[in-house]
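Undergrad: sequence first, predicted model second:
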Amino acid sequence: MLTIFLIIVAICNVITFLLYMVDKSRAKRGMWRMSETTLLTAGFFMGSIGAIMGMHLLRHKTKHIKFKILVPLSLGINIGITIGLFVLGIIP
């Protein structure tokens, strides 16, 4: 069960990072962009590490106060969910 959980979390983080990468690429080319809600929601669905990496490695959305607050918050929530799953015995 732990292995499956880790694979799911890894996939969520890769997808989130790719969303940030695509949005950054589109921003550079002046193309249609993803909504901020999409990027933030991906972080809250176990993709917070990918969101943080996307912000810092790609230098994307780093000046937006909404992202400075909500992305770290999503990390805290993701950590809390993970701890909760362990405590409840859902993930042995």
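TA: Done, it's in.

Undergrad: run through the helices of this protein in chain order.
TA: Taking DSSP state H as the test, the helices found in the chain are 2-28, 36-42, 48-57, 65-87.

Undergrad: mind listing what's buried in the last one?
TA: Judged by neighbour count using 16 or more other C-beta atoms under 10 Å, the buried positions of helix 65-87 are 67, 70-71, 74-75, 78. For glycine as for every other residue, the C-beta is placed from the backbone atoms N, C-alpha and C.

Undergrad: which pLDDT value does the model give Ile91?
TA: Looking at Ile91, its pLDDT stands at 89.

Undergrad: quick check: it touching Leu2?
TA: Yes - proximity of Ile91 to Leu2 meets the contact threshold set by C-beta atoms under 8 Å, at 5.6 Å.

Undergrad: before we move on, the earlier item: rebuild the helices of the chain as a markdown table, extending it with mean pLDDT.
TA: Shown next, in a markdown table, are the helices of the chain (pLDDT from 0 to 100):
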| stretch | mean pLDDT |
| --- | --- |
| helix 2-28 | 97 |
| helix 36-42 | 97 |
| helix 48-57 | 98 |
| helix 65-87 | 97 |
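
Undergrad: follow-up on the earlier one: counting neighbours, go ahead and name the busier of Ile91 and Leu2.
TA: Taking other C-beta atoms under 10 Å, Ile91 and Leu2 do not tie; Ile91 has more neighbours (16 against 10).

Undergrad: quick check: the spatially closest residue to the more buried one that is not a sequence neighbour vs Val14, distance?
TA: Excluding the flanking residues, the one nearest Ile91 by C-beta to C-beta, 6 or more residues apart in numbering is Leu85, at 4.5 Å. Distance, Leu85 to Val14, using C-beta to C-beta, to the nearest Å: 20 Å.

Undergrad: same check, this time on Trp32
TA: For Trp32, the distance to Val14 - C-beta to C-beta - is 23 Å.

Undergrad: this completes my enquiry, with thanks.
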